[in-house]
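Colleague: Sequence isn't available, so here's the structure alone:
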C-alpha cells in the first residue's frame, strides 16, 4: 500500500533530482523513496544511540571488555 505526499522543493534540489532521475533512468519517486528510507533508518539508529548515551543505567564498557565478549 502506498500513500501520496506532496512536497515543495527548492528549485536547485528539484533540478538536481530531475537530472539524477534522467541519468539513472529512474523515476523521481523511486529516488525520493530510496533516499527517505535510508534517512529514516539512519535517524532511527541515531535516536537509539542518543537514548543509550543518555541512559544512566546503560553501562559503558571498554574495548578490551568488548573483545572478551567475542562475536
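Modeller: Everything's here; your move. Because the structure is a prediction, the values reported are computed rather than measured.
Colleague: so what does the lengthiest helix in the chain touch, helix or strand wise?
Modeller: Scanning the chain for the helix with the most residues, using DSSP state H, yields helix 28-54. Helix 28-54 is packed against helix 11-24, with contacts defined by 3 or more Cβ pairs under 8 Å, 6 or more residues apart in numbering; DSSP states H and E. For the C-beta atoms, the positions are set from N, CA and C on the backbone; glycine is no exception.
Colleague: Give me the buried positions along the helix it packs on.
Modeller: For helix 11-24, the buried set under the neighbour-count rule, 16 or more other Cβ atoms under 10 Å, comprises residue 21.
Colleague: now it, how far from the centre of its chain.
Modeller: 20 Å (Cα atoms, centre = their mean, to the nearest Å).
Colleague: next one: stretch 38-51
Modeller: 7 Å.
Colleague: now it: mean pLDDT?
Modeller: Mean pLDDT, stretch 38-51: 96.
Colleague: Where does pLDDT dip in this structure?
Modeller: Along the chain, the model assigns pLDDT under 70 to no residue.
Colleague: can you pull the buried residues of stretch 35-43?
Modeller: So for stretch 35-43, nothing qualifies as buried (16+ other Cβ under 10 Å).
Colleague: Residues contacting stretch 13-31, please?
Modeller: Contacts of stretch 13-31 with the rest of the structure, by Cβ atoms under 8 Å, 6 or more residues apart in numbering, involve 9, 32.
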